[in-house]
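**Q** coords please:
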Amino acid sequence: MNDLSFEESLEMLEEIVNKLENGDVPLDEAIDEFNNAMQLVKNCNDKLSSAEESIAKIVKENGDLIDFNVNE
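**A** This next block holds a predicted model:
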């Protein structure tokens, strides 16, 4: 599942949620689907964290990368 894009993972996650919300899934299958959903959530979180780290960098004029910090 790690090779899925963020959008693919999110779409599969939505399908699982809809399936489980209908309530006509046998318990064993529901548990399997829940475990699959947790893996998809982890995949989405990993991709978001990676994107956040990339965005938090600023490229200086000399090409160096520095961390971007917002002072509130």
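**Q** So which residues of the protein form helices?
**A** When assigned using DSSP state H, the helices of the chain occupy the ranges 6-22, 27-55.
**Q** so which of the ones you listed gets nearest residue 68?
**A** In terms of C-beta to C-beta, the element of the helices of the chain nearest to residue 68 is helix 27-55, at 7.6 Å. C-beta coordinates here come from the backbone N, C-alpha and C atoms, glycine included.
**Q** Look up the closest residue to the most centrally placed residue in the chain, ignoring the ones flanking it.
**A** The centre of the chain sits closest to residue 44, judged by C-alpha atoms, centre = their mean, with a distance of 0.6 Å. Of all residues not flanking residue 44 in the chain, residue 9 sits nearest, at 5.1 Å (C-beta to C-beta, 6 or more residues apart in numbering).
**Q** residues near that neighbour, how many?
**A** Using other C-beta atoms under 10 Å, residue 9 has 22 other residues around it.
**Q** does it really touch residue 42, like I thought?
**A** No - Residue 9 lies out of contact with residue 42 (C-beta atoms under 8 Å); the separation is 9.1 Å.
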